[in-house]
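**Q** Turn this into a structure:
(chains A and B)
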Amino acid sequence: KAGVTQTPRYLIKTRGQQVTLSCSPISGHRSVSWYQQTPGQGLQFLFEYFSETQRNKGNFPGRFSGRQFSNSRSEMNVSTLELGDSALYLCASSRDSAPPPYEQYFGPGTRLTVT
Amino acid sequence: GNSVTQMEGPVTLSEEAFLTINCTYTATGYPSLFWYVQYPGEGLQLLLKATKADDKGSNKGFEATYRKETTSFHLEKGSVQVSDSAVYFCARRTGADGLTFGKGTHLIIQP
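**A** Next up, the predicted model:
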């Protein structure tokens, strides 16, 4: 079974631009979560989507948004990029069948560099 | 709030040494606990998990026991190999909330 895939793997953007990252979950997984990894803040939860609805949200500004499609694929968007948005963005999927815990399986990440 | 605390390292050991990486968590709710491993340039791999008190998770020679009385989930391995060199993350999750991670422990195994 194929794992979580993320595209693109690397991205360089300029301050003020916007960016869209894509994630395809493991087949049969309906939940997709996004995390930001930086050397200073570590791994931080951005948001989670389940059945095309945002179910949970972390403590990030509104510039960070996402969506999920009917095939469970997800995209996240960052508008008005800042230098501090440079990070590894990780996507994780889970089956979310009862009972918990809903084990999350991670993709390789998208390395975003903002210049 | 929810938090996870782990030793950050780097932790440097010789091959075949015994490994312990400490992890403690806040006791809010009834969390499930996880250890993830990240190799250079890669995403996170689930190493092991435990869902309730006294559960022991194990995989690839690593193990950790969910200790509710000490709110701990320490990772152990009896004999480490050079290939175990990586960053290890302890994490907690309650229900369908997002994972809360520790800062990560960089493990270096020398031949």
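
**Q** Around chain B, which positions in chain A sit nearby?
**A** Contact residues (CB under 8 Å from any CB of the partner chain) of chain A with chain B: A:4, A:31, A:33, A:35, A:42-48, A:50, A:55-56, A:58, A:90, A:92, A:96, A:100-109. (C-beta placed from N, C-alpha, C; glycine too.)

**Q** Measure how far stretch B:88-99 is from the centre of its chain, please.
**A** 11 Å (CA atoms, centre = their mean, to the nearest Å).

**Q** Over to stretch A:35-55?
**A** 6 Å.

**Q** buried residues in that stretch?
**A** Under the neighbour-count criterion of 16 or more other CB atoms under 10 Å in any protein chain shown, stretch A:35-55 has A:35-37, A:42-50, A:55 buried.

**Q** Stretch A:68-83 too?
**A** A:68, A:72-76, A:78, A:81.

**Q** So in chain A, where's the weakest helix or strand by average pLDDT?
**A** strand A:53-57 (a mean of 90; mean pLDDT, DSSP states H and E).

**Q** Get me the contact residues on chain B for chain A.
**A** Residues of chain B lying near chain A (CB under 8 Å from any CB): B:32, B:34, B:36, B:42-46, B:49, B:51, B:89, B:93, B:95-104.

**Q** try 10 Å this time
**A** B:4, B:8, B:30-34, B:36, B:38, B:41-46, B:49-52, B:89, B:91-104 (CB under 10 Å from any CB of the partner chain).
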